[in-house]
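S.K.: Need coordinates for the below:
(chains A, B and C)
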Amino acid sequence: MTNPSIKKINGDFKDKDILSTLQFSKKDIDILFDTTDKMKKLVLTKGGSDILRGKIMTALFYEPSSRTFGSFVAAMQRLGGGFIPLQGMTNSSAAKGETLSDTIKTFASFSDIIVMRHPEVGSVHEAAEATDLPVLNGGDGINEHPTQALLDFYTIKEELGKIDNFTITFFGELAHYRSINSMPKLLYQYPKIKMNFVSPKQVGLSKETKKFLQEKNIRFTETEKIDDVLSETDVLYVTRVKKEFLPEVLYKKVKGQYVVDNNMVKKMKKKSIVMHNLPRIDEIAIEVDKDPRAVYLRSEMKNGMYIRMALIALVLGKIK
Amino acid sequence: MTNPSIKKINGDFKDKDILSTLQFSKKDIDILFDTTDKMKKLVLTKGGSDILRGKIMTALFYEPSSRTFGSFVAAMQRLGGGFIPLQGMTNSSAAKGETLSDTIKTFASFSDIIVMRHPEVGSVHEAAEATDLPVLNGGDGINEHPTQALLDFYTIKEELGKIDNFTITFFGELAHYRSINSMPKLLYQYPKIKMNFVSPKQVGLSKETKKFLQEKNIRFTETEKIDDVLSETDVLYVTRVKKEFLPEVLYKKVKGQYVVDNNMVKKMKKKSIVMHNLPRIDEIAIEVDKDPRAVYLRSEMKNGMYIRMALIALVLGKIK
Amino acid sequence: MTNPSIKKINGDFKDKDILSTLQFSKKDIDILFDTTDKMKKLVLTKGGSDILRGKIMTALFYEPSSRTFGSFVAAMQRLGGGFIPLQGMTNSSAAKGETLSDTIKTFASFSDIIVMRHPEVGSVHEAAEATDLPVLNGGDGINEHPTQALLDFYTIKEELGKIDNFTITFFGELAHYRSINSMPKLLYQYPKIKMNFVSPKQVGLSKETKKFLQEKNIRFTETEKIDDVLSETDVLYVTRVKKEFLPEVLYKKVKGQYVVDNNMVKKMKKKSIVMHNLPRIDEIAIEVDKDPRAVYLRSEMKNGMYIRMALIALVLGKIK
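M.R.: Numbering: from 1, shown residues only, chains lettered A, B, ... in the order given. So this is what the prediction gives:
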C-alpha cells in the first residue's frame, strides 16, 4: 500500500483506523459481515444495546453529508454511545487557521472514536496519524469511502446469497465516484467476480483503478453500451452521469442512455439487484423503486447503519 | 378529511403519523393528556426514563426552529432515546436535487420515528406517505403545527382545571399563524367552548377556518375590538400583528391596539390565562410576565416537552 | 463583586451559576479539583457513568466554538445525560427579535442546565438572571471564560504537583484574551504565585486586571522581553499576538519575538510546562509539541472535559 497509515486488519480490528477497503482480507470481511448480521438482528429485535455506554464519537464533517452523518450517529447511539455533532466545520477552528492535526488531537481528547469526512484526498490519513484513536473514513474527496463499499458488498451478499461468483456492472459516471475506487479494491480478492464498467468514455474507469484491476488479474470489461452486459449482470451498480464533467453536446447525447427504467430492468435476470448510493436524481426512474430488484431504498441504507455499528464496535474492541 | 394520509387515531396511537389536530377524537385527547400527566410527573420526580432505549429520532428541520427542535430532542432523550440532528437541511441532499420522498426513506432506514418541519404546506403528508415509520408534523408552512395546538390545549386544561365550557379569544394576527388553523380543529369537539377572533380585518380569520367553524356549528365571534370580549375571556391567545402583512398606514394605526399590557390584563377575569406561542417580540409587555395569568413562559413551554414525550411514547407503542 | 448575579460558591455548588472565576474560594477549588480527579479516573477506567440519566443540557452557542461545545457535550454524555445542540444561534429566535431572557426561559423549560457562549460581555449574567437553572459561562465576549481558567489551573496543579508557590508567565497578546482576565482572578488567592506579563506594550495587561492585581497585593511584573523572566518561569502561558490589534509596522517588528520554539523552551526549567488554549496558529512551533513540557495537546484539552464533568455534576447536585 502506498500510504503508510493504512494498516492491514489481519483479523484484529481493535484500535485500527478504517481508511481504505484495501485493509480488508477475505477473513476480515467474514468477521465484519458476521458482526453486521448480529447488529441487524439486534436492531430488529431490541433496537439497540448498551455496549458502548460512556463512549463518545466525534462526527467531524468538513463537507455536508446528512446521510453518512446520520447513519454513523444513529449507529453510535444504538449501541449506547454518545456523539459530538460537528457539521459544517469550515466555520470554526479551521477558519481560525488551525491545522487538521491539532483539530484531531483536540477532539481525540474528548472522544473514543472519530469519523471524518473531508473534501481533500488524503486528509483522513493525516487525521489518522494525529491520534491513537480509531479514525473512520467517512469519505475523503473523490478518493475513498470504505464504509460505503462495505455496505454495498454486504448488501450484495445478503441479496444474492453469495459472496463470490457473480457479475457486477458499474453503470454511469465512473471517473468521479469514490465508490468506484473503493469497490474494486474490496472485490478483487474473489476470483469469480466479474466486473463490467459501462460509461461514456470521457468519464470512464480511472487509469489508477484500471491499472489496479490489471495487476490483480481481475476479469473486467469496459463498454459504452449497457446492452452488451445487461443480461449477464447480477448487480447493476448505478451512478449519475454529471453534467459538469462532460461537454454540453456530449451530455445531451448520452443523457438518456444512462438512465435505468423498468424497460431496462425487465431485461435483467430475475434474481439480480439494482443498487445506488443515493441521493438519486433522475438516473433511476421512480417506477423502478417498486421492482423487487431495486434494493437502494429497501436495504442498502439500513445495511449502512448495521455495517457502521459493526465497525464501531469492532474497532473499540467491544465485540469479538 | 381532504388528505388521505391523515388517519384518525381512534384510541390507538401505535405507528400513527401525527400530522393534523383533526386526527384526534375527544377520547384520543383524554389518552394523550393522561399520558402527558404521567410524563410531567416522571420529569419532576426522576428527570426521565429508559423506555426508548435503542430508539432513534430523526429531527429533520428544513426551517430554523430552535424551540420546536429543542423540545422534541429533549423529549426523546428524556425517555432514553437518541437522535439525529438535522437542522438547516437545505444545504445537503435536498440541494443535490433529491426528492423529499427519497430523503425520508433514507432517514427512516436509520431511525424509529421522524419529526419534520418544512416550509411547504403539505410536505409532511408527502413525508408520511414515504415511510411506515411514524412521522410527526413539527410545522408545515402556515398550514398546521399540531403539537403546538395540543400543548396549548393541555395548558388550558391544566390552568383552568377543565377541558370544556370556556371562552378563548384569539388576539392579533390570525391569517398567517398556523396555530390559528390547528386550534379550532381540536376545540370544535367541545360544544361549550366559545371562540372569539379579534384582529384587524385585513389579517383576520381565514376563509377556510371560518367555513370549518360554521360547518361544525361552533359559537364564535369576529371583531376588531378586544374590549368587546375581554371580560368574558378565559383564555387570551396572543399572536403578533406582523408589519409585512399590512399596508404601512394601517399597521401604524392598529399597532398599539394589539399589544397586551398590565392595563389590559387588569380587565380580565381573576382565573383566566394569557397564552403566547413565543417568540414574543413586543405584543406582550414584559410587565405582564409577572402576572399569575401569564402562562407563556411559566408552563406552556414545559408542557410542550411533556406533550411531545407522550406522543413519541404513544406512537412508538411504548406506553399504554 | 460588581455583578449581583455572581454568587460565591462557599463550598456548596448545587444550583449555582458558574459565571466567573471570582466565585471560587480556595476551598471551592479543592472540592472541584478533587471531583475532577474522580472524573478523570472514571473516564480512564469505565468511560463514563449514569449519574445524569434523564438530565438535559442546552448548549447555546451564539458564537462558533467547536472546541468548547464539544468538550461540554462530551462531558454531559459521559455522565449519562442528553443535550440540545444549538450552534449558530443567530439564525433562529434571536433573529426573530426575541430577547435573550425569553430564549433562556424557553430552553430552561426543556433542560436541567444551560451552557452558553455569547459575543457580548455580560450576556451570561443576563442569562443567569432569567432562570433558576444553573447557567455555565462558556465564554462571554472578551470578558471571562471561567471553565478555561479552571482547566488551566487544574493542569498546572497536575503537572507541577502543587497548587501554590510557582511562577506563571503570560506571553503574547494579553489585552484581548479572556483567559488573561479569568486566570488572575483565580490565582490571586495563592500568595506564593508570581505572575509575569510579557507582551508588546500596545496589547499588554488590561487596566482592569492590573488594578485587580494591585488591590490584591499580588507579585507581578510587566515586560516586553521574555528573556527577563524565562529562567524563573514554571508555567509559560502562551497566547497569539493578533495582527488585527497592532499597527502593521509594529506587528511585523514584534511578530517573531512572540513565537515559542525549541530554542526558547531549551532555556526553561526541566520541570516547567508550556500551555496554550488552542487553536494554535504559529505562535508555538510544531517542533515544540514533542517536548515533555508541552502540555497543550497532551493534557490541557482532556482536563477541560474532566473539569466540565465535575462542574456539571456538582451544580446538578449529583456528586458530593
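
S.K.: need the contact list for the nearest residue to A:Asp15 once chain neighbours are set aside.
M.R.: Distance criterion Cβ to Cβ, 6 or more residues apart in numbering or on different chains; nearest residue to A:Asp15, sequence neighbours excluded, is A:Pro134 at 5.9 Å. Placement of C-beta: from N, CA and C, glycine included. Residues in contact with A:Pro134 (Cβ atoms under 8 Å, 6 or more residues apart in numbering or on different chains) are A:Asp15, A:Lys16, A:Asp17, A:Ile18, A:Ile113, A:Ile114, A:Val315, A:Leu316.

S.K.: if you set the cut-off to 10 Å instead, what comes out?
M.R.: For A:Pro134, the contact set (Cβ atoms under 10 Å, 6 or more residues apart in numbering or on different chains) comprises A:13-18, A:57, A:112-115, A:128, A:311-312, A:314-317.

S.K.: A:Ile31 now?
M.R.: A:Ile31 makes contact with A:Ile9, A:Gly11, A:Asp12, A:Phe13, A:Phe24, A:Ser25, A:Ala310, A:Leu314, A:Ile319, A:Lys320, according to Cβ under 10 Å, 6+ apart.

S.K.: And A:Glu120, by the same measure?
M.R.: Going by Cβ under 10 Å, 6+ apart, the list of residues near A:Glu120 reads A:Tyr62, A:Glu63, A:Leu100, A:Glu126, A:Asp140, A:Gly141, A:Asn143.

S.K.: A:Lys194 is in contact with A:Thr233, isn't it?
M.R.: Yes. Between A:Lys194 and A:Thr233 there is a contact at 9.4 Å, judged by Cβ atoms under 10 Å.

S.K.: Mutual contacts of those two, please.
M.R.: Here A:Lys194 and A:Thr233 share the contacting residues A:Phe166, A:Thr167, A:Ile168, A:Thr169, scored by Cβ under 10 Å, 6+ apart.

S.K.: Roughly how far does the residue nearest to A:Asp15 sit from A:Phe110?
M.R.: Using Cβ to Cβ, to the nearest Å, A:Pro134 is found at 15 Å from A:Phe110.

S.K.: Could you do A:Glu208 as well?
M.R.: 36 Å.

S.K.: Looking only at neighbour counts, state which of those two leads.
M.R.: With neighbours defined as other Cβ atoms under 10 Å in any protein chain shown, A:Glu208 and A:Phe110 compare such that A:Phe110 has more, 25 against 9.

S.K.: Close to chain B: what parts of the stretch 51-200 of chain A are there?
M.R.: Proximity of the stretch 51-200 of chain A to chain B, by Cβ under 10 Å from any Cβ of the partner chain, involves residues A:63-67, A:69-83, A:85, A:87-88.

S.K.: can you rerun that using 8 Å?
M.R.: Selection of the stretch 51-200 of chain A residues close to chain B by Cβ under 8 Å from any Cβ of the partner chain yields A:64-67, A:69-71, A:73-74, A:77-78, A:85, A:88.

S.K.: Could you dump those residues into CSV with neighbour count and secondary structure added?
M.R.: CSV is the format used below for those (neighbours: other Cβ atoms under 10 Å in any protein chain shown; DSSP: H, G, I helix; E, B strand; the rest coil):
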residue, neighbour count, secondary structure
A:Pro64, 18, coil
A:Ser65, 19, coil
A:Ser66, 25, helix
A:Arg67, 23, helix
A:Phe69, 25, helix
A:Gly70, 27, helix
A:Ser71, 30, helix
A:Val73, 28, helix
A:Ala74, 28, helix
A:Gln77, 25, helix
A:Arg78, 29, helix
A:Pro85, 23, strand
A:Gly88, 17, coil
